[in-house]
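>>> The amino acid sequence is not available; the structure is as follows:
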């Protein structure tokens with residue numbers, strides 16, 4: 001009797017998340033060296049973490065997003081979008097837009113954390129003005145394209161909620177992971193990737209961020225994507 005491999009359910013283990021995170025950091029640096037960099041925040045030294053277990057999260061901070069996805073779409077045909085990060089003065093990329101009024105610029109911090117319950121990466125985020133005033137969930141929702149985006153027909157199941165950051169123990173916004181595993185199954189729904197053993201773990205977060213990042217105005221360069229064997 002031929003033993004069949006179980007169909008991959010779109011999830012990964014915490015160890016696989018670390019492998020995918022390291023690969024994502026290197027690929028981002030290689031293809032986006034002019035932009036602020038993702039980094040791995042090591043939390044393995046915590047007393048409750050086993051010394052043999054790697055634990056932590058990805059971090060990208062002080063990012064300036066578009067005023068709104070709708071304004072970007074309205075002006076795209078008539079003008080070139082300017083872009084910037086909070087620590088750079090020059091125009092560097094069209095993924096992040098400068099807002100007209102410095103006092104209204106909103107700075108975003110992104111953390112990608114492995115969720116033990118859903119067994120998928122989860123995006124935690126917060127936003128603040130230059131003076132330090134924190135933005136509410138309602139204000140953040142107006143900044144991003146969750147309400148209008150529909151990538152692979154999956155983002156409708158992605159919504160913001162406020163939860164305690166699992167490492168910082170402070171309230172952050174979270175992009176709920178309830179639809180993530182199904183999204184990843186769709187992304188890798190290639191006949192050659194039916195089983196988990198065939199899934200390129202090193203490219204898992206690249207594929208994941210190619211969807212999630214669009215909700216916040218990020219567009220990954222082709223160089224990061226061309227080796228990812230996911231469904232177009």
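Noted; the coordinates are in hand. Nothing here was measured: the structure is a model prediction, and the numbers come from that model.

>>> Roughly how far does residue 110 sit from residue 144?
In this view, residue 110 and residue 144 are 12 Å apart by CB to CB, to the nearest Å. C-beta here means a position set from N, CA and C on the backbone, and glycine is covered the same way.

>>> what's the overlap in contacts for these two?
Listed as contacting both residue 110 and residue 144 by CB atoms under 8 Å, 6 or more residues apart in numbering are residue 216.

>>> Residue 128 should be in a strand, yeah?
Yes. Residue 128: assigned to a strand according to DSSP: H, G, I helix; E, B strand; the rest coil.

>>> If we ignore the residues flanking it in sequence, what's nearest it?
Closest residue to residue 128 apart from its sequence neighbours, by CB to CB, 6 or more residues apart in numbering: residue 134 at 5.1 Å.

>>> Pull up the gap between the one you found and residue 169, please.
Per CB to CB, residue 134 is found 16 Å from residue 169.

>>> And the two? Which one has more around it.
residue 134 (12 against 7; other CB atoms under 10 Å).

>>> Output the lowest mean pLDDT helix or strand found in this protein.
Ranking every helix and strand in the chain by mean pLDDT, DSSP states H and E puts helix 69-76 at the bottom, with a mean of 46.

>>> okay, the residue nearest to residue 128: pLDDT?
We have a pLDDT of 92 for residue 134.

>>> mind listing what residue 166 touches?
Taking CB under 8 Å, 6+ apart as the contact definition, residue 166 lies against 113, 124.

>>> Doesn't it belong to a strand?
No. Secondary structure of residue 166 (three-state DSSP): coil, not part of a strand.

>>> and residue 220, helix, strand or coil?
The three-state label given to residue 220 by three-state DSSP is coil.

>>> Please read off the pLDDT at it from the model.
88.

>>> Which strands or helices does the longest helix seen in the chain pack on?
Counting by DSSP state H, the longest helix found in the chain is helix 14-31. Judged by 3 or more CB pairs under 8 Å, 6 or more residues apart in numbering; DSSP states H and E, helix 14-31 is in contact with strand 39-42, strand 56-64, strand 106-115, helix 204-212, helix 222-225.

>>> among these, which is nearest residue 13?
Nearest to residue 13, of all those, is strand 106-115, at 8.7 Å by CB to CB.

>>> mean confidence for stretch 200-210?
Averaged over stretch 200-210, pLDDT sits at 93.

>>> what residue ranges in the protein score low on pLDDT?
1-5, 45-53, 66-103, 145-157, 190-198, 227-232 (pLDDT under 70).

>>> can we see that at 50?
1-3, 68-70, 72-84, 89-92, 94-95, 97-100, 147, 152, 191, 231-232 (pLDDT under 50).

>>> ok, back up a step: if I pick the residue nearest to residue 128, what's in contact with it?
Neighbouring residues of residue 134 by CB under 8 Å, 6+ apart: 126, 127, 128.

>>> So which of these wins on neighbours?
Going by other CB under 10 Å, residue 127 tops the contacts of residue 134 with 23 neighbours.
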